[in-house]
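*Asks:* What would the 3D arrangement of this be:
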Amino acid sequence: MLYLAIVGGLLSAISRIILLFVLSMVGLARLDQSLFPEWINELIYLDSANKAYLATVYIYHSHNQPIAVTFLQFLKRDRNIIETTKKSAVVDE
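*Replies:* You can find the predicted model right below:
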């Protein structure tokens with residue numbers, strides 16, 4: 001009976017390790033969340049794929065902010081208007 005308990009415990013441990021490995025592989029596909037807890041990330045950032053993804057998101061957000069993009073479009077339009085008025089003033093003289 002003792003041998004059956006030992007074999008059952010070993011099989012249970014092996015199945016848990018396999019399940020953990022499979023679930024970890026599924027979790028690797030998620031880049032929006034780190035695989036490690038927050039307290040580990042505060043000490044050392046081990047998940048480089050998540051770090052690269054977050055950097056890309058931050059860069060996209062900073063370069064495609066709607067207010068800044070609209071402001072720059074207004075500046076560009078005003079600059080074009082000023083340049084065309086200067087050119088027409090030079091031609092008129």
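
*Asks:* heading toward the C-terminus, what's the first helix or strand past the lowest-mean-pLDDT helix or strand in the chain?
*Replies:* Taking mean pLDDT, DSSP states H and E as the measure, the chain has helix 38-43 as its least confident helix or strand, at a mean of 75. Proceeding N to C from helix 38-43, the next assigned helix or strand is helix 48-63, under DSSP states H and E.

*Asks:* Just the buried residues of that next one, please?
*Replies:* For helix 48-63, a neighbour-count test (16 or more other C-beta atoms under 10 Å) marks 50, 53 as buried. Backbone N, C-alpha and C define where each C-beta goes, glycine included.

*Asks:* can you give me how far it is from the chain middle?
*Replies:* Helix 48-63 has its C-alpha centroid displaced from the chain centroid by 4 Å (C-alpha atoms, centre = their mean, to the nearest Å).

*Asks:* Just the mean pLDDT for it, thanks.
*Replies:* Averaging pLDDT along helix 48-63 yields 84.
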